[in-house]
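**Q** This is a predicted model, with the sequence first.
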Amino acid sequence: MQERADVINNWLEYRLDNIVPELMQRENIDMWIIIAREYNEDPVIRTMLPATWQSARRRTILVFSDNDKEIERLAVARYDIGKFFKTAWDKEEEPNQWKRLVNVIEERDPDNIALNYSSTFALADGISHSEYKAFTSALPDRYQSRIVSGEKLAIGWLETRTEPEMQVYPMICHIAHDIITEGFSEKAIQPGITTTKDLEWWYRERIRDLNLTVWFQPSVSIQRAVEADTSFLANFSKRPAENVIRPGDLLHVDFGIAYLGLNTDTQQHAYVLKAGETEAPKGLQKALATGNQLQDILTNNFKEGLTGNEILSKSRKEAIDHNIDPSIYTHPIGYHGHGAGPTIGLWDQQDGVPGKGDYPLYANTAHSIELNATVHIPEWEKDIRIMLEEDAFFDGDSVRYIDGRQTKLWLIPRQQ
C-alpha cells in the first residue's frame, strides 16, 4: 500500500504541474476554486487529494490562480494538502474561512472565477447548493458576474490520461484480462454444477485475493440454443439470479477492477464445449468476428473534435451499410468507470445523447469501447448478441487497445 501511495502521489504531482496549466490556458480561466466538505467531496477534489487522504477535512477549498508566470496552488484550509497545496489560511489571524477566501480573490483580482457546477455532467457538478450559497453570499458584488462554470476544466482534468499513467495502465488492464481468463476456465467452472451467481462471486473473491477492488458487481449471463428470453435486458437486469452453466452455453461477463486510482471495464465471451466438441460452432466464431468488425468501424471514426453523437451517427451508418445490426454505448474511463468525456451512445439512445453526447473528443483520453452486434446463428436457428467491451486509448491520431482485445472465444475446458 505504501508503494501504491508513492505511485499515486507521483502521478498527482505530474498532473497538477502539467494538466491544470494546460486546461486553464485552453479554457482561458484565471482562477479555479474547488470547494468540498468532509464526506461530501466534489468528484474532482477526490482525485486531487494525496493518497493518504481518504476524504476532505472539515471544509477544504482548493484555489488555482494564474499569475501569468505559473499556476499558483493554494489551500484555504486548516492544513497543507500534502506537498501539493500550501495552506493560505491562518485561523488565528482571520477566523472566518470565507473572508479569507475573499481576501485571496481580491489580492489576485481574477477576470473570471470557475466553480464546479454543470447541468450536464455530474462529475463536474461537485459544489453543493449550500456551499455555493455561502460562497456567493461572502463574495463582493463586483465579483459576482465573474463566476463561470468550471465544467470543461473538471471534465478535462478527469478525462486526460498522462504518459506516466499510460505506462502502467496496460498492466492494470492485463490483470483484469487475466482474472477474466481464469474465471472462464475449468479452474472456476464445473458445467452442470457452477451457476452464474457462483461465478460472479468467484470473481469477487479472486479480486480480493489479489488486494484489488471492484467498482461494480461482476455480472455473468448465458445465451444458449433454447432459452425463454433473449432480449438485451435479459442479459443484465432481468437475468435469472442463478442459472446453472451447461455444455453448449455461450457465457458473457461484464467485469471491472480498480487499481492505483484507475478503472477497467471489460466484456468478453466464453463457450462451454459439449461432449465431442473441440471448438465453438462456426456461427458463434463468425459472430465474434462481426463484433470485432463493429469495434473497428467505431474506433476508425475517432477523430479529435468530433462529438460523441457525431461519432455514433457515423459509426452506426457505416455498420448498417456493412449489414451489421449495431448497438453502440461507449464511454470514457479512467478515474471513474463511467468516466468524464463524450458519451458515444447509450443502449437505449441510439439516435444520440443530448448534452454528454455533444461533448467533443480530445486527445490523450481513454474509452471503454462498449457495443453489441446482433447476429444470426445458423446452428441455433436464432439471433444472439455479441456484447463486447475493451478499454482503449486515443492519442489524437488513432485508437489502440490498452491490453489488446478478445478475437477468439474462450473455451471451457481449454483445448491444448
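**A** Nice, I can see it.
**Q** For the helix ranked longest in the chain, which helices and strands make contact with it?
**A** For the chain, the helix that runs over the most residues, judged by DSSP state H, is helix 2-26. Contact partners of helix 2-26 among helices and strands, from 3 or more Cβ pairs under 8 Å, 6 or more residues apart in numbering; DSSP states H and E: strand 59-66, strand 71-75, helix 151-159, helix 163-183. Every C-beta, even on glycine, is put in place using the N, C-alpha and C of the backbone.
**Q** repeat that with 10 Å
**A** In terms of contacts (3 or more Cβ pairs under 10 Å, 6 or more residues apart in numbering; DSSP states H and E), helix 2-26 is packed against strand 31-37, strand 59-66, strand 71-75, helix 151-159, helix 163-183.
**Q** Output these in CSV; the columns should cover mean pLDDT.
**A** Converted to CSV, the helices and strands packed on helix 2-26 look like this (pLDDT from 0 to 100):
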stretch, mean pLDDT
strand 31-37, 96
strand 59-66, 96
strand 71-75, 96
helix 151-159, 98
helix 163-183, 98
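**Q** Make JSON lines from the ones you listed and add mean neighbour count and distance to Trp380 to it.
**A** Listed next are these as JSON lines, based on neighbours: other Cβ atoms under 10 Å; distance: least, Cβ to Cβ, whole Å:
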{"stretch": "strand 31-37", "mean neighbour count": "24", "distance to Trp380": "53"}
{"stretch": "strand 59-66", "mean neighbour count": "22", "distance to Trp380": "56"}
{"stretch": "strand 71-75", "mean neighbour count": "18", "distance to Trp380": "59"}
{"stretch": "helix 151-159", "mean neighbour count": "24", "distance to Trp380": "41"}
{"stretch": "helix 163-183", "mean neighbour count": "18", "distance to Trp380": "24"}
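**Q** out of the ones you listed, nearest to Asp265?
**A** Between Asp265 and the helices and strands packed on helix 2-26, the shortest gap by Cβ to Cβ is with helix 163-183, which sits at 8.6 Å.
**Q** rewinding a little: could I get the helices and strands packed on helix 2-26 as JSON lines with distance to Ala373?
**A** Shown next, in JSON lines, are the helices and strands packed on helix 2-26 (distance: least, Cβ to Cβ, whole Å):
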{"stretch": "strand 31-37", "distance to Ala373": "42"}
{"stretch": "strand 59-66", "distance to Ala373": "44"}
{"stretch": "strand 71-75", "distance to Ala373": "46"}
{"stretch": "helix 151-159", "distance to Ala373": "27"}
{"stretch": "helix 163-183", "distance to Ala373": "20"}
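**Q** List phi and psi for the residue nearest to Asn9 when sequence neighbours are not counted.
**A** Nearest residue to Asn9, sequence neighbours excluded (Cβ to Cβ, 6 or more residues apart in numbering): Ala51, at 5.3 Å. When read as degrees, to the nearest 10, the backbone of Ala51 gives phi -60, psi -20.
**Q** How about the contacts made by Ala51?
**A** Residues near Ala51 by Cβ atoms under 10 Å, 6 or more residues apart in numbering: 1-2, 4-12, 82, 260-261.
**Q** Just the buried ones from the residues you listed, in ChimeraX syntax?
**A** To isolate the buried subset of the contacts of Ala51 in ChimeraX, counting by 16 or more other Cβ atoms under 10 Å, use the following:
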select :8,9,11,12,82,260,261
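**Q** Compile the contacts of Ala51 into TSV and extend it with columns for pLDDT.
**A** Compiled in TSV, the contacts of Ala51 are given as follows (pLDDT from 0 to 100):
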residue	pLDDT
Met1	92
Gln2	94
Arg4	95
Ala5	95
Asp6	96
Val7	97
Ile8	96
Asn9	96
Asn10	97
Trp11	97
Leu12	97
Gly82	88
Leu260	97
Gly261	96
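**Q** Strands along the stretch 101-250 of the chain, start to end?
**A** 113-115, 147-149, 213-214, 219-223, 250-255 (DSSP state E, counting those that start in this stretch).
**Q** Distance from the chain centre to the shortest one, please.
**A** I take that to be strand 213-214. 14 Å (Cα atoms, centre = their mean, to the nearest Å).
**Q** same for that strand, what does it pack against?
**A** helix 196-209, strand 257-259.
**Q** winner for burial among the ones you listed?
**A** Ranked by mean neighbour count, the helices and strands packed on strand 213-214 are led by strand 257-259 with a mean of 21 (mean count of other Cβ atoms under 10 Å).
**Q** Please name the strands paired to it in the sheet, noting orientation.
**A** strand 213-214 (antiparallel), strand 262-263 (antiparallel) (DSSP bridges).
**Q** Turn those into TSV, columns for distance to Glu107, mean pLDDT and mean neighbour count.
**A** Output for the strands paired with strand 257-259, formatted as TSV (distance: least, Cβ to Cβ, whole Å; pLDDT from 0 to 100; neighbours: other Cβ atoms under 10 Å):
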stretch	distance to Glu107	mean pLDDT	mean neighbour count
strand 213-214	42	96	15
strand 262-263	37	98	24
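**Q** between those strands, which gets nearest to Asn112?
**A** strand 262-263 (31.5 Å).
**Q** ok, then the element right after the closest one?
**A** Next along the chain after strand 262-263, taking DSSP states H and E as the criterion, comes strand 266-272.
**Q** Which segments of this structure make up each domain?
**A** Annotated domains of the chain cover 2-158, 161-412 [automatic domain parsing].
**Q** out of the strands of the stretch 101-250 of the chain, which comes closest to Glu182?
**A** strand 250-255 (11.4 Å).
**Q** For that closest one, what does the pLDDT average out to?
**A** Here strand 250-255 scores 98 as its mean pLDDT.
**Q** Tabulate the CA atom coordinates of it in CSV.
**A** In CSV, the C-alpha atoms belonging to strand 250-255 read as follows (Å, rounded to 0.1, in the frame of the first residue of the first chain):
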residue,chain,number,x,y,z
LEU,A,250,-22.3,-19.0,-24.6
LEU,A,251,-21.2,-17.1,-21.5
HIS,A,252,-20.8,-13.4,-21.1
VAL,A,253,-19.1,-11.5,-18.4
ASP,A,254,-19.1,-7.7,-17.5
PHE,A,255,-16.2,-7.0,-15.3
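**Q** Can you list the strands that it pairs with?
**A** Here strand 250-255 is paired, per DSSP bridges, with strand 219-223 (antiparallel), strand 266-272 (antiparallel).
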